[in-house]
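1. with the sequence up front, the predicted model follows.
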Amino acid sequence: MKKWLWLGFWSVLLLCVFCAKKSTTEADKVVNNLSVAMDKFQSGMVSEGVELVLDSIMKAAEGTGLPRDFEEKIRMIGGGENFFSSATPALLREAYQLTGHDLEMPEPSGEIGAVAETVGMKLVAAQENLRAGKKQDAVRSLLESLMVMMPASPR
């Protein structure tokens, strides 16, 4: 009889653990996605990191009430090598303005270390905002992280 009791106990415990892991929120998925993006950037895989950030923007923007134009702007940016096209800075700026704020980014320092540090700080800020339920603030931080990577001339 004890054997069956223990078997039942462990079965219920395993079921609870499994269900707890399954209940990962969409915000947790985006936070994890951003962690992978940071790893990609640190490994020099910038295009892959950009694609993850763009995907994270789309997921974080869900349910924020941002206009449909916002999603279109992000889709137009595209990932990979398309991200570094001459149209991207304007699309990022327009998408940012659709969040209800004007974008005022400082001129890039030109030093890759400073750019990498700023991008990392913006991604961490986005993760913190997502954990706090501030999805629109997270979207703005993610857009800012991408703007920092743009060359100085098209600003």
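-> Now that the structure is in, tell me what you want to look at.

2. switch to C-alpha atoms for all contacts and neighbour counts from now on
-> Will do.

3. where does the spatially most central residue of the chain land on pLDDT?
-> The centroid of the chain falls nearest to Ser56 when counting by Cα atoms, centre = their mean (3.6 Å). Looking at Ser56, its pLDDT is 95.

4. which helix or which strand is home to the nearest residue to it once chain neighbours are set aside?
-> The shortest distance from Ser56 to any non-neighbouring residue, by Cα to Cα, 6 or more residues apart in numbering, is to Val30 (5.6 Å). Using DSSP states H and E, Val30 falls within helix 26-42.

5. quick revisit: thought the residue nearest to Ser56 was touching Met58?
-> No: in this structure, Val30 is not within contact of Met58 by Cα atoms under 8 Å, at 9.7 Å.

6. so what's Ala60 closest to, chain neighbours aside?
-> Nearest residue to Ala60 in three dimensions, chain neighbours excluded: Lys135, at 5.7 Å (Cα to Cα, 6+ apart).

7. I misspoke; the intended subject was Ala125.
-> The spatially closest residue to Ala125, leaving aside those adjacent along the chain, is Ser141, at 6.6 Å (Cα to Cα, 6+ apart).

8. repeat for Gly49
-> Leaving aside its sequence neighbours, Gly49 sits nearest to Ala37 (Cα to Cα, 6+ apart; 4.3 Å).

9. number of nearby residues for that neighbour?
-> 24 (other Cα atoms under 10 Å).

10. contacting residues for Thr118?
-> Contact partners of Thr118, counting by Cα atoms under 8 Å, 6 or more residues apart in numbering, are 145, 148.

11. figure out the helix or strand that the residue lying closest to Glu26 once chain neighbours are set aside lives in.
-> Nearest non-adjacent residue to Glu26, counting by Cα to Cα, 6+ apart: Lys59, 7.9 Å away. Assigned by DSSP H and E, Lys59 belongs to helix 46-61.
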